[in-house]
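>>> Kindly return the folded structure for what I paste below:
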Amino acid sequence: MSLVVGVGARRGVSAREVCDLVAAVLREAGRSPGEVVALATVGAKAAEPGLVEAASRLGVPLCAHPAEVLARVPVPGPSEAALAAAGTPSVAEAAALVEAARRGVFGPAGGELLVPKRKPVSGAARVTCAVAVAHGEGRLPAGGRGYTRGDAVFELRTRR
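As a prediction, the model looks like this:
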């Protein structure tokens, strides 16, 4: 299963804070860090050192999306604080869903929220994360029926 972790963060967040929360959330969901294919965030945070380092430690790209794009994504946990700070009512959930859909082969429905926005249990909440499943990348979603001839957009012809 391919997972995308959406991350919202305050300026100055450390890679350790991000990685600790991601590890805790994945553990809670019964998932492995090896299933993560990307971290996703809002464009304004694309160069945040803690996020860049966290993606590097996880061995995945940090993918950023414009606030205007994230603001159009319906999410279960919109936040007035995120809207004021980042220009979108959701960073973690919306970024996870947008990136999962981008990576999926099933179009905009290619992303599914597995874990809604979470904050650290202790300490100041300088980071949030959410996890989405990217259905695609050459794999079928759980319970998928496979491809049939009716799914073909074009036919391949062999050389004679």
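>>> Contacts made by the helix or strand that Ala85 is a member of with the rest, please.
Here Ala85 is covered by helix 80-86, with elements defined by DSSP states H and E. With contact meaning Cβ atoms under 8 Å, 6 or more residues apart in numbering, helix 80-86 is reached by Gly8, Val42, Ala44, Lys45, Ala67, Leu70, Ala71, Thr88, Pro89, Ser90, Val91. In this view, the C-beta of every residue, glycine as well, is placed from N, C-alpha and C.
>>> ok, the residue most central in space within the chain - contacts?
Central residue of the chain (Cα atoms, centre = their mean): Ala96, 2.4 Å from the mean position. For Ala96, the contacting residues are Val4, Val5, Gly6, Ala40, Gly111, Leu113, Ala130, Val131, Ala132, by Cβ under 8 Å, 6+ apart.
>>> So what pairs up with the first one in the strands?
Applying DSSP bridges to Val4 gives these bridge partners: Ala38, Ala132.
>>> The contacts of helix 80-86 in strands, which ones?
Taking DSSP state E, the ones among these that sit in strands are Gly8, Val42.
>>> Make sure Ala54 is indeed in a strand.
No. Read with DSSP: H, G, I helix; E, B strand; the rest coil, Ala54 is helix and lies in no strand.
>>> if we can go back for a sec, tell me how far the nearest residue to the residue nearest to the centre of the chain once chain neighbours are set aside lies from Ala40.
Nearest residue to Ala96 in three dimensions, chain neighbours excluded: Gly6, at 3.0 Å (Cβ to Cβ, 6 or more residues apart in numbering). Here Gly6 is placed at a distance of 5 Å from Ala40 (Cβ to Cβ, to the nearest Å).
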